[in-house]
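Colleague: Mind looking at a prediction? Sequence and model below.
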Amino acid sequence: MSAPILEARNITKRFGGLTANEDISLALHAPVGHVVSVIGPNGAGKSTFFKMLSGFIKPSSGQILLHGQDITGMSPHRIARLGLVRTFQETTIFPDLTAMEHVSLAHQLHREASDLEVIFGMPRARGDEIRLGESAREILELMELHAVGDTEARHLPQGLLRLLGMAMGLASRPQVLLLDEPYAGLNPEETNRAVAITRKVAASGVSILLVEHDMKAVMAISDRIHVLYFGKKIAEGTPAEIRENPKVIEAYLGTEDEELGL
Ligand SMILES: Nc1ncnc2c1ncn2[C@@H]1O[C@H](COP(=O)(O)OP(=O)(O)OP(=O)(O)O)[C@@H](O)[C@H]1O
Ligand SMILES: [Mg+2]
C-alpha cells in the first residue's frame, strides 16, 4: 500500500483526569474517491481526535503526520495551508452574505498577493481576483449550489447551509477534508443529496475523513471505518467487516445508534 496521506501515531489526549483519546493510531490511505469514517458512541472521543488532527487542540502525546511531515502542535492556519482543513461550522455563516460571497471570503485564506498589493490593485492581486472568482464558481458548481450563488445565507435551508460549509472548506483547496457530523439534523432527502455530493467531492481528488452518527450514511459512503469507544480504537475495517464485528456490536448495544443499521 502507498504511504498514508494522514497518519496519527499513538495519540493521547487528557483533559485533567479524563482521557478523551488513548493511544490512537490511524493511517488514512485514501486513493482519489475514497472516504474514511470514524464512528463511535457519544463521548467516544471522535471530535477531540479531529480537533487534534486539524490543530485546534494539542495532543498530550503522540504524533500527527501529513504527507509524512510532522504537523503535531501546528496552528490550524498552518495546517490548512499544508492541505488539511476542517469544515466551517454554522457559526461561521453570515446571514446577509450570499453563498458566493461566503466561498470568496474563505478563498481569501488562499490568496497569493499581499494585502498592500490588493489595496493598490496591482497586477498580481487582479490576477488573483479573477482566478479566485472562477475557482469559487467551480466549487459552487461541484457542490450543486450554483443556482443559489446569489442567495443570501438567511434564505437557505439547513441542508444547503451544510453544503455551503463544505464549499467554504474546499475554498482553500485541501487535500484532506475533515467533516464532523455533516449530516446531523438533515432530513433523509437532504442526507442522500449531501452523501452523493460528498462522494463527488472525494472523486474530484480530495481525501475525506468523516465523523458521523447516521449509520446508514456511514455504511453507504465509507471505504473504510475506524471505531472509537471510550477514547480507544477498537476496530478498523470495511463497512461489511465493521457491521459484523462483535466488539463494535457490543459497543453500540444500548445506545441510540443501535437500531440505525449496525
Ligand atoms: N475541552 C474539554 N475539556 C474537558 N473534557 C472534554 C473536552 N472536550 C471533550 N471532553 C470530553 O472528552 C470526551 C470525548 O469527547 P468528544 O467530544 O471528543 O466525543 P465525541 O465522540 O465527539 O462525542 P459525540 O458523538 O457526542 O460528538 C467526553 O467525555 C467529553 O466530555
Ligand atoms: Mg463529537
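Modeller: Arrived safely, thanks for sending. Numbers count the residues shown, from 1 in each chain. Ligands and ions are numbered 1, 2, ... in the order given.
Colleague: quick one, helices of this protein?
Modeller: 46-53, 76-81, 99-107, 115-119, 123-142, 158-170, 188-203, 215-221, 239-244, 246-252 (DSSP state H).
Colleague: For the nearest residue to residue 79 once chain neighbours are set aside, give its distance to residue 183.
Modeller: Spatial nearest neighbour of residue 79, chain neighbours left out: residue 55 (4.3 Å); criterion: C-beta to C-beta, 6 or more residues apart in numbering. From N, CA and C alone the C-beta is placed, and that goes for glycine too. Noted for residue 55: a distance of 24 Å to residue 183, by C-beta to C-beta, to the nearest Å.
Colleague: neighbour count winner among these two?
Modeller: When residue 55 and residue 183 are compared on other C-beta atoms under 10 Å, the one with more neighbours turns out to be residue 183, at 25 against 21.
Colleague: so who does the more buried one touch?
Modeller: 162, 190-191, 194-195, 212, 214, 217 (C-beta atoms under 8 Å, 6 or more residues apart in numbering).
Colleague: Looking at those, which is nearest residue 25?
Modeller: residue 212 (21.1 Å; C-beta to C-beta).
Colleague: And that closest one, how close does it get to ligand 1?
Modeller: 9 Å (C-beta to the nearest ligand atom, to the nearest Å).
Colleague: Tell me, how many residues neighbour the closest residue to that residue other than its chain neighbours?
Modeller: The shortest distance from residue 212 to any non-neighbouring residue, by C-beta to C-beta, 6+ apart, is to residue 218 (5.1 Å). For residue 218, the neighbour count with other C-beta under 10 Å is 25.
Colleague: residues from the protein in reach of ligand 1?
Modeller: Contact residues, the chain versus ligand 1 (C-beta under 6 Å from any ligand atom): 15, 18, 20, 40, 42-48.
Colleague: Mind giving me the PyMOL command for buried ones among those residues?
Modeller: The PyMOL selection below is limited to those of these classed as buried (16 or more other C-beta atoms under 10 Å):
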select buried, resi 20+40+44+45+46+47+48
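Colleague: Need the max-distance pair from the residues of the chain next to ligand 1.
Modeller: So, these by C-beta to C-beta: farthest apart are 15 and 40, at 16.9 Å.
Colleague: still on that earlier bit, for the residue nearest to residue 79, give me its contacts.
Modeller: Here residue 55 is in contact with 71, 73-79 (C-beta under 8 Å, 6+ apart).
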